[in-house]
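Engineer: What follows is a predicted structure for the sequence shown.
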Amino acid sequence: MAENAEMASLEESFRKFAIYGDTKATGQEMNGKNWAKLCKDCKVTDGKSVTSTDVDIVFSKVKGKTARVINYEEFKKALEELAPKRFKDKSKEEAFEAICQLVAGKEPINVGVTKAKTVGAVERLTDTSKYTGSHKERFDESGKGKGKSGRENIVDTSGYVSAYKNAGTYDAKVKK
């Protein structure tokens, strides 16, 4: 039971890394970039026994000749290839189990993602209640933009003189 749950979490990790950074990805296939990221984020590459070059070589070995991606089965084969290299002191099966435990349940790490921070000047410049002149006309009382009506004078093409109070009543008078 525990092994089955581990395989499920391993597949879940595969899917998370497969869709990372690609909006069109389905999660069924993983490209080389995401494979390298998985190995780096899950600490499969240690810089000594398993390097990024080893990771790329294993990826090229397990994928098809003309393919650019690997599926889940090829992913497990790739882990089997890397396991004895990463865990030299263990048997092949133990090494595969250990490498599966490294990967299972992990998800991509966002490193170097900048967060927007608001500074006093930014708040002051984006506060629409402090706008004056023609800029004030572009926003309603709540601070929401009016769109095109706030930028351009829209011409009234109804046929009536502007500010005429009885606009639209002619048809009602004629019918009587």
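Structural biologist: That came in fine, so what should we check first?
Engineer: for the helix or strand containing Leu10, which positions count as buried?
Structural biologist: Per DSSP states H and E: Leu10 is located in helix 2-19. By 16 or more other Cβ atoms under 10 Å, the buried positions in helix 2-19 come out as Glu6, Leu10, Ser13, Phe14, Arg15, Lys16, Phe17, Ala18, Ile19. C-beta here means a position set from N, CA and C on the backbone, and glycine is covered the same way.
Engineer: so how far is it off the chain centroid?
Structural biologist: For helix 2-19, the separation from the chain centroid amounts to 20 Å (computed by Cα atoms, centre = their mean, to the nearest Å).
Engineer: now swap in stretch 79-86 and tell me
Structural biologist: Mean-position distance between stretch 79-86 and its chain equals 30 Å (Cα atoms, centre = their mean).
Engineer: quick one: average pLDDT of that stretch?
Structural biologist: Averaging pLDDT along stretch 79-86 yields 90.
Engineer: Can you identify the element that follows the helix or strand bottoming out on mean pLDDT in the chain toward the C-terminus?
Structural biologist: Every helix and strand of the chain was ranked by mean pLDDT, DSSP states H and E. The lowest is helix 148-151, at a mean of 69. Remark: after helix 148-151, the chain's next helix or strand is helix 170-175, criterion DSSP H and E.
Engineer: Convert that following helix to PDB, retaining C-alpha atoms only.
Structural biologist: Taking C-alpha atoms only, helix 170-175 is exported to PDB below (Å, rounded to 0.1, in the frame of the first residue of the first chain):
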ATOM      1  CA  TYR A 170     -41.100  64.300 -31.600                       C
ATOM      2  CA  ASP A 171     -42.400  60.800 -32.600                       C
ATOM      3  CA  ALA A 172     -44.800  60.800 -29.700                       C
ATOM      4  CA  LYS A 173     -46.200  64.200 -30.800                       C
ATOM      5  CA  VAL A 174     -46.600  63.300 -34.500                       C
ATOM      6  CA  LYS A 175     -48.500  60.100 -33.800                       C
END
